[in-house]
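Q: the following block contains a protein sequence and its predicted model.
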Amino acid sequence: MRKADVLKLPSMPAAGPSYPAGPYRFIDREYLVITYETDPELIRHQLPEPLEPIAQPIVHCEWIRMPDSSGFGDYTESGLVIPCRFGGEEVNFVSQMYLDDDPPIAAGREIWGFPKKYAHPKLEIVKDTLTGTLAYAGQMVALGTMGYKHESMAGNGAATTATLAKTQVNLKLIPGITGEPEICQLVALNLTEITVKGSWMGPGRLHVMPHVNAPVADLPVRKVVAAHHFIADLTLPFGRVLFDYKRDAG
């Protein structure tokens, strides 16, 4: 294998890469997003500088069902997203992610710095209820429920498209061979080529349980603000560096 061949590899291992080269296209990606209020001091603790909290201490608890994902296959993920501010822009900081498929775990961590861990999330329709569950190491850590398709968001999906297109920010931390951080950055990305196929609001509830290795309950639920169910096609592109802790920290 020549040097040029090595540089063309999309990922490790060379003998059977973990994931192909991107960007990556998702078809019929289905979301359940329950937005809730929590304690503002806990939000501040979870946000790495230079990210700053917004006025309302809210968190998005998400379940995402991905039945058709180029390079990754069929999988489901769940996680916590914290709306915040970087400079003058409102962004979403991805705080925790849990999913059930190895290729998107590897790609998500290595390329974009998504905080992904292996777990067992599930999004399904149970009778009249859209239901999201998250289990880690055999224990339930989150349960979200929403009334199924109570209120359709009519129109061209502009509001849902804007929600999906909002800048996402990750803390990308990858150690070098010495054990010191080789990469320590805030990185950003924006989903593209978004087509919203359906969007609904309705009543929702969320229950989170303490777990040492899936600490979703570290941002406790004080009040559910909204529940949103939507389906869309979209592309996950490559991103950009917002802040480099090794270079920019003074």
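A: Now that the structure is in, tell me what you want to look at.

Q: need the residues that contact stretch 100-111.
A: Outside stretch 100-111, the residues that touch it by Cβ atoms under 8 Å, 6 or more residues apart in numbering are 11, 18-19, 22, 24, 69, 71-77, 97, 99, 114-121, 174, 238. In short, each C-beta sits where N, CA and C put it, glycine included.

Q: mean confidence for that stretch?
A: Stretch 100-111 shows a mean pLDDT of 97.

Q: equivalent analysis for stretch 145-156, please.
A: Taken as a whole, stretch 145-156 carries a mean pLDDT of 85.

Q: what subset of the contacts of stretch 100-111 is buried?
A: 11, 18-19, 22, 24, 69, 71-72, 75-77, 97, 99, 114-116, 119-121 (16 or more other Cβ atoms under 10 Å).

Q: out of those residues, which are inside strands?
A: Secondary structure of those is defined by DSSP state E; positions in strands are 24, 69, 75-77, 97, 99, 116, 120-121.

Q: the lowest-mean-pLDDT helix or strand in the chain - which strands sit beside it in the sheet, and in what orientation?
A: For the chain, the helix or strand with the lowest mean confidence is strand 151-152, at a mean of 88 (criterion: mean pLDDT, DSSP states H and E). According to DSSP bridges, strand 151-152 has the following sheet partners: strand 192-201 (antiparallel).

Q: looking only at pLDDT, what's the mean for the strand it pairs with?
A: The average pLDDT within strand 192-201 is 96.

Q: which non-adjacent residue is nearest residue 201?
A: residue 151 (4.6 Å; Cβ to Cβ, 6 or more residues apart in numbering).

Q: thought the one you found was touching residue 204?
A: No - here residue 151 does not reach residue 204: they are 11.8 Å apart, not a contact under Cβ atoms under 8 Å.

Q: neighbour count for these two, which is higher?
A: More neighbours surround residue 204 than the other of residue 151 and residue 204, with 24 against 12 (other Cβ atoms under 10 Å).

Q: who does that one form a beta bridge with?
A: For residue 204, the beta-bridge partners are residue 146 (DSSP bridges).

Q: read off the pLDDT value for it.
A: pLDDT for residue 204: 98.

Q: what is residue 75 paired to in the beta sheet?
A: With DSSP bridges applied, the residues forming beta bridges to residue 75 are residue 66.

Q: contacting residues for it?
A: Residue 75 sits next to 66, 69, 99-101, 104 when contact means Cβ under 8 Å, 6+ apart.

Q: just residue 193 next, same as before
A: When contacts are counted by Cβ under 8 Å, 6+ apart, residue 193 touches 25, 233-235.
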